[in-house]
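Asker: Kindly return the folded structure for what I paste below:
(one chain, ligands or ions: 1)
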Amino acid sequence: MPELAYLNGQIMPVEKAMVPVDDRGYLFGDAVYEYIASYGGRLFRMDDHIRRLENSLRGLDFPPVDPERVRQAVSDLLEAGKMERAGIYIQISRGVEPRNHAFSNQGPVQVVMTVRPLPDVHPHLEKGAAVMTAEDFRWGRCDIKTVQILPNCLAKQKAVDNGLYDAIFVSGEKIVREATSSNVFIVADGKVLTHPLTNNILPGITRKVVLEICRDKGIPAAEEFFDTQRLQAADEVFLSGTTTEVLPVVAVDGRRIADGQAGSVTMKLYGELRRLAGA
Ligand code: PDD
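Answerer: Predicted coordinates for the structure are as follows:
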C-alpha cells in the first residue's frame with residue numbers, strides 16, 4: 001500500500017499533499033503533533049494520545065479542535081492505508097495567514113496526517129543502544145508536543161555523527177531528563193526510576209504504560225530525579241516511546257552500563273508492553 005496523507009479532510013498519496021508557504025507551522029513552528037502506532041491494525045492508546053494533543057493545543061492557546069474529528073480522521077487514514085503495523089503522524093498548525101508574529105486565531109487550523117509502515121521489531125532491540133549525553137538547551141515547555149524540536153534534531157544528529165543511536169538531554173546540574181524522542185528510565189537498587197512529570201519532559205504515553213506495568217506486576221517504581229552519575233552506575237538503562245517501545249541502553253558516553261547487555265527488568269517490561277499492545 002502506498003504511504004498516504006490526510007490533508008484537511010482528504011486522503012491522498014503523501015507526495016500529493018502540500019501545505020501553503022504561509023502555514024504558521026512552516027513559518028514559526030506554530031503547530032503541535034502526535035505520533036500513534038498500530039499493532040495488528042489496532043491503534044495503541046489512542047485516547048491517551050488524543051488527550052495529550054488537546055493539552056498541547058490548549059498549551060499554545062489554539063482555537064478549539066474537535067477531538068472526534070481527529071479521531072475519525074486517524075481511523076479513516078489507518079483503514080485506507082491497510083497496514084497492520086503503522087505509525088500515524090498528526091500535525092495541527094494554527095493555520096494560514098500572512099506572516100506576522102501575532103496571530104488572529106480566526107482561520108481554520110490545518111490538520112495534516114501521514115500513515116507509514118513501521119518495522120515489527122526495533123532495529124536496535126537485539127544489541128541495545130549506545131547513547132551520549134547532551135546539554136538540554138531546549139525551551140521551558142517541553143511538556144507541550146510542539147513541532148519546534150530543532151534542538152532535538154541537532155542532538156540526535158550529533159549522536160548519529162558519532163556512530164550512536166541517540167542523545168539524552170541533561171540539565172546544567174546533570175539531572176537526566178529525556179532522550180530526543182523518548183523518555184529515559186534506569187533500574188537501580190531494584191527500583192525502576194524515571195524523571196517526574198515537569199515542564200522539562202514530554203509526558204510520554206509509553207512512559208505511563210511502563211509505570212502501569214510496574215504497578216500491576218509488583219515491580220518497585222518511582223518518578224524521581226537522578227543525575228548522570230546514577231545513570232552511569234545503574235544496573236539497567238532503557239528508553240521508552242511510541243516507536244522506541246522499550247529499548248535497552250547498553251552504553252552511555254562510551255562507557256558500558258553494567259555488563260553491556262540488555263537487562264532482565266528491561267526485557268520483561270518490553271515483553272509486557274508488546275503483549276498489552278497486541279503485538
Ligand atoms: N516522540 N520525549 C520526547 C521528546 C518525544 O518526542 C517522545 C515521543 C517521547 C515519548 O512519548 P510517547 O511514549 O508518547 O511516544 C518522549 C515521538 C514518537 C516522535 O517524536 O515521533
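Asker: Can you tell me the closest non-neighbouring residue to residue 163?
Answerer: Using C-beta to C-beta, 6 or more residues apart in numbering and skipping residues adjacent in sequence, the residue nearest residue 163 is residue 130, 7.8 Å away. Any C-beta I mention is one placed from the backbone N, CA and C, and that applies to glycine too.
Asker: swap that for residue 238, please
Answerer: Of all residues not flanking residue 238 in the chain, residue 266 sits nearest, at 4.4 Å (C-beta to C-beta, 6+ apart).
Asker: which of the residues in the helix or strand hosting the one you found are buried?
Answerer: Using DSSP states H and E, residue 266 falls within helix 264-277. Neighbour-count burial for helix 264-277 flags 265-267, 269-270, 272-273, 277 (criterion: 16 or more other C-beta atoms under 10 Å).
Asker: What distance do you get for the residue nearest to residue 163 to residue 106?
Answerer: 49 Å (C-beta to C-beta, to the nearest Å).
Asker: Settle it for me: which of these two has more neighbours?
Answerer: Set residue 130 next to residue 106 and count neighbours by other C-beta atoms under 10 Å: residue 130 wins out with 22 against 8.
Asker: Which stretches in the stretch 101-250 of the chain count as helices?
Answerer: 150-161, 205-217, 228-233 (DSSP state H, counting those that start in this stretch).
Asker: so can I have TSV of those showing distance to the ligand and mean neighbour count?
Answerer: TSV is the format used below for these (distance: least, C-beta to the nearest ligand atom, whole Å; neighbours: other C-beta atoms under 10 Å):
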stretch	distance to the ligand	mean neighbour count
helix 150-161	6	15
helix 205-217	3	19
helix 228-233	16	16
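Asker: rewinding a little: quick one: residues contacting the residue nearest to residue 163.
Answerer: Residue 130 sits next to 163-165, 249-252 when contact means C-beta atoms under 8 Å, 6 or more residues apart in numbering.
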